[in-house]
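Q: Got a predicted structure here, sequence first:
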Amino acid sequence: MLSGIMLIGGILVITRKNPVHSALALITVLLAQAAIYLMLYAPFVAGVQIILYAGGIMVLFLFVIMLVNIDRAAKERTFNSQWLVGIVAATALGGLFIAVYTKGNNIFPEHALSLIENDNTQKVATMLYGQYMFAFEIASLLLLVAIIGAVVMAKKRI
Amino acid sequence: MESILHITTLHYLVLGAALFLLGVIGVLTRRNVVIVLMSIELILNAVNLNLVAFSRLWGGVHGQIFAIFVITDAAAEAAVGLGILIAFFRNKETVNIDEVHLLKW
Amino acid sequence: MGHDLMGQIFQYIQSYLSSDQTPGAAGNMFWVLIYILAVFVGLSIAVIAMNWLERKILAHMQVRLGPMRVGPHGLLQPIADAIKLLLKEDIIPSEADVAIFWMAPFMVVLAAFTVFIVVPFGPTHAVTDMNIGILFMLGVSSLSVLGIVMAGWASNSHYPLIGALRSSAQMVSYEVAMGLAVVSAIVMTSLNASGTGTLSMIGIVQAQQEQGVWFIFKFFPLGLIAFFIFAVAMVAETNRAPFDLAEAESELTAGFHTEYSGFRWSLFFLAEYSAMIAVSSIAVTLWLGGWLRPFPNLLNGSTWDLIFSLFPGVTFLFLAAMCFFNVVRMPKHPFFRIQTIGLAGFGVVLGLIGLVMLVPAVRIRVQDIFWFSAKVAAFMYLYIWYRGTFPRYRFDQLMQMGWKVLLPMGLGVLILTATWPMRHELWSQVITPPWHVMLRLLRLED
């Protein structure tokens, strides 16, 4: 059922004319994804997804939509001039996916491991600050660069 | 019927692939730049779903850590992308992606 | 047959009462639903009571009386307000985006109410105890920003739009400071024997119980500063005075909920007060010891336990006594007879609840919930006090304070809290060797 919500939400994202409706559909997809992460026994990633993606990035998108959404955009065509090529390319990609998944169906084990653990956050923290410390620092540097870049680009003439 | 009802890793992978496909269609066919950026977020989410599904299959948390990094990167990229969008909008007064042809010969 | 059914029901309740897990963790759907219903009903009653309390307390702070007409001392005023709001005409602006207009209050109420899944009223009295409890609460309360932005956009008029943008910018800014304060409290939970902290709300209160000190007093003054940062950020997060520029009547008509009337406005109102109670319960759980009674370690022993466990019953009896006192003071005019009888009846009900709470079997169960509710009620009083006392912040002063004052303070508190347990090693092995090297280089010592 959750995957149904996600797929319907995804279709709504790419087909609605009004970008605010698309943003709402994307929020639905993100929340359903957080629920699926909980089903996959990854509560920390689910929490991070809700805080960052649904609560942060989507607010950013909504702000920008409100800033640039002029009425003229609502009267234009929804799909761009190369939509046929896009659909063909996507169909080719879909065919590729289907081929991969039907051929490689039997390399996965029969049943997934079903341990219910209570310390997922602790494990993630141990790994994040232990083995992946360098990547963590680089990610913080990346965020710093992104903040400076976004501020500089959105400024008016200094 | 029993094998379909039991949710295996393949189900999550197929869902991720379907989302990825929807995101790719969105990127390739929409005119509004903001919706293209949102479709890119859909693609990144599909990748995250794959990562977390595999992390569940093989037992460690490496996939989840990678997923957290991908979410962080998506946030940074969304911020920068929207900054570019605002700068572009200030110059051209449109969010139509077909109008971005200044370098066209 | 009937006797057997009663026996089975009794045994079922007994098995619930003797479990040591929350119903969610134990997988018990029936009790989960009962808890959700109890939380919902309790929250509605709390919001109604808050409405009355706010008007009365603000009035008394401004040396006037507040609502006195509707019931005895205005006690039925919230019900009159609710009836008025329900009967009002539902106006939708003509150019508004109907789907988003309809969904915005729903989203805000959803975010405000879902938070209460993990709020711990006692060691087993939460709907469920998620492993990421505090992360979940922070995340879901950041979903209300989306609802506010949607509300402002859907109204298609510039006052709500400006109000919504300002309100959401303010909420997002103060979420950062809130998050840092919360993280510094969670760092304090990791000072136990196994060296790992926990994000679950019940685990945080149990860590305070093990370490024998409420986190507000720990590493004095770091706990206090972290609590102060959170207290300021939570008032800004819920758009209450003195940070209520986005919804104050004198500034922007009514901000993002200008165009909402009747029932939809009451949904926003409900969501705002529920969010206030939610962030107060985060503050109470993280810093003020959750359901623990005051002085859990200083005044321990069975006599002090007994005295503190009498507090719920005594509180209700005191309220009943105040009702009877006011009954005696009511004017003896025949027009006031119904009000007098109503107030006396209310006093009798409160007295009966107080007497029930003095029974030992009920006392042990209820005292956790009572202490938690008492602390949250103290926070509600603080909210109303702030509203009556402080002048409003201008928007740029607000944002400046969020980013330039609270954020560095939060970072400083976090770093100090994280390094405080090993400050001696830090001083002697990290700070002093380079210091001596530098002094040697400058020829100031041998």
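A: That came in fine, so what should we check first?

Q: Can you report how many residues lie near residue C:61?
A: 14 (other CB atoms under 10 Å in any protein chain shown). From N, CA and C alone the C-beta is placed, and that goes for glycine too.

Q: Check residue C:388 too.
A: So residue C:388, with other CB under 10 Å, has 15 neighbours.

Q: For it, which non-adjacent residue is spatially closest?
A: With CB to CB, 6 or more residues apart in numbering or on different chains as the measure, residue C:61 is the residue that lies nearest to residue C:388, at 4.2 Å, once sequence neighbours are left out.

Q: what's the answer for residue C:323, then?
A: Spatial nearest neighbour of residue C:323, excluding adjacent residues (CB to CB, 6+ apart): residue C:347 at 3.0 Å.

Q: who does the helix or strand hosting residue C:315 touch, helix- and strand-wise?
A: Residue C:315 is part of helix C:311-329 when elements are defined by DSSP states H and E. Judged by 3 or more CB pairs under 8 Å, 6 or more residues apart in numbering or on different chains; DSSP states H and E, the packing partners of helix C:311-329 are helix C:337-357, helix C:360-389.

Q: Can you get me the centre-to-centre distance for that helix and its chain?
A: 25 Å (CA atoms, centre = their mean, to the nearest Å).

Q: Contacts only, for the residue of chain A found nearest chain B.
A: Per CB to the nearest CB, residue A:86 is where chain A lies closest to chain B, at 2.9 Å. Residues counted as contacts of residue A:86 (CB atoms under 8 Å, 6 or more residues apart in numbering or on different chains) are A:80, B:25, B:27, B:28, B:29.

Q: Kindly reformat the helices and strands packed on helix C:311-329 as CSV containing distance to residue C:398.
A: Output for the helices and strands packed on helix C:311-329, formatted as CSV (distance: least, CB to CB, whole Å):
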stretch, distance to residue C:398
helix C:337-357, 41
helix C:360-389, 14
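
Q: Same list, those helices, but as CSV with mean pLDDT please.
A: Shown next, in CSV, are the helices and strands packed on helix C:311-329 (pLDDT from 0 to 100):
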stretch, mean pLDDT
helix C:337-357, 83
helix C:360-389, 86
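
Q: coming back round to it: out of the contacts of residue A:86, what pair is the most spread apart?
A: Based on CB to CB, the longest span within these runs between A:80 and B:25 and measures 11.8 Å.

Q: What's the local residue count around the closest residue in space to residue C:399 that isn't next to it in sequence?
A: With CB to CB, 6+ apart as the criterion, residue C:399 has its nearest non-adjacent residue at 5.9 Å, and that residue is residue C:173. Residues within reach of residue C:173, counting by other CB under 10 Å, total 21.

Q: Near chain C, which residues of chain A are found?
A: By CB under 8 Å from any CB of the partner chain, the residues of chain A that approach chain C are A:18, A:20-21, A:24, A:27, A:43-44, A:46-48, A:50-51, A:54-56, A:58-59, A:62-63, A:66, A:118-122.

Q: among these, which are in helices?
A: Of the positions in those, A:20-21, A:24, A:27, A:43-44, A:46-48, A:58-59, A:62-63, A:66, A:120-122 sit in helices, assigned by DSSP state H.

Q: what residues are up against the residue most central in space within chain A?
A: Computing the C-alpha centroid of chain A and ranking residues by CA atoms, centre = their mean puts residue A:30 first, at 6.6 Å. With CB under 8 Å, 6+ apart as the criterion, the residues that contact residue A:30 are A:49, A:50, A:53, A:54, A:58, B:45.

Q: Now do the contacts for residue C:403.
A: Here residue C:403 is in contact with C:173, C:176 (CB under 8 Å, 6+ apart).

Q: again but with residue A:16, I slipped
A: Per CB under 8 Å, 6+ apart, neighbours of residue A:16: A:22, A:25.

Q: could you redo the last one with a cut-off of 10 Å?
A: Shown in contact with residue A:16 (CB atoms under 10 Å, 6 or more residues apart in numbering or on different chains): A:22, A:23, A:24, A:25, A:78, B:30, B:35.

Q: the strands in the chain, which residues?
A: Since no chain was named, I'll use chain A. In chain A, no strands are found when defined by DSSP state E.

Q: Wait, chain C was what I had in mind.
A: According to DSSP E, chain C contains no strands.

Q: pLDDT weak spots in it?
A: Within chain C, the stretches with pLDDT under 70 are C:1-3, C:12-28, C:96, C:192-195, C:246-259, C:296-300, C:446.

Q: Neighbours of residue C:420, how many?
A: Neighbour tally, residue C:420, other CB under 10 Å: 15.

Q: how about the nearest residue to it, chain neighbours excluded?
A: residue C:219 (5.0 Å).

Q: wait, that neighbour sits on residue C:227?
A: No - between residue C:219 and residue C:227 there is no contact under CB atoms under 10 Å: 11.7 Å.

Q: Need the overlap of contacts for the two.
A: In contact with both residue C:219 and residue C:227: C:184, C:413, using CB under 10 Å, 6+ apart.

Q: Compare the two (neighbour count), which wins?
A: Neighbour tally, residue C:219 and residue C:227, criterion other CB under 10 Å: the higher count belongs to residue C:227, 23 against 20.

Q: For residue B:82, which non-adjacent residue is closest in space?
A: residue A:64 (4.6 Å).

Q: Having no further points to raise, I will conclude here.
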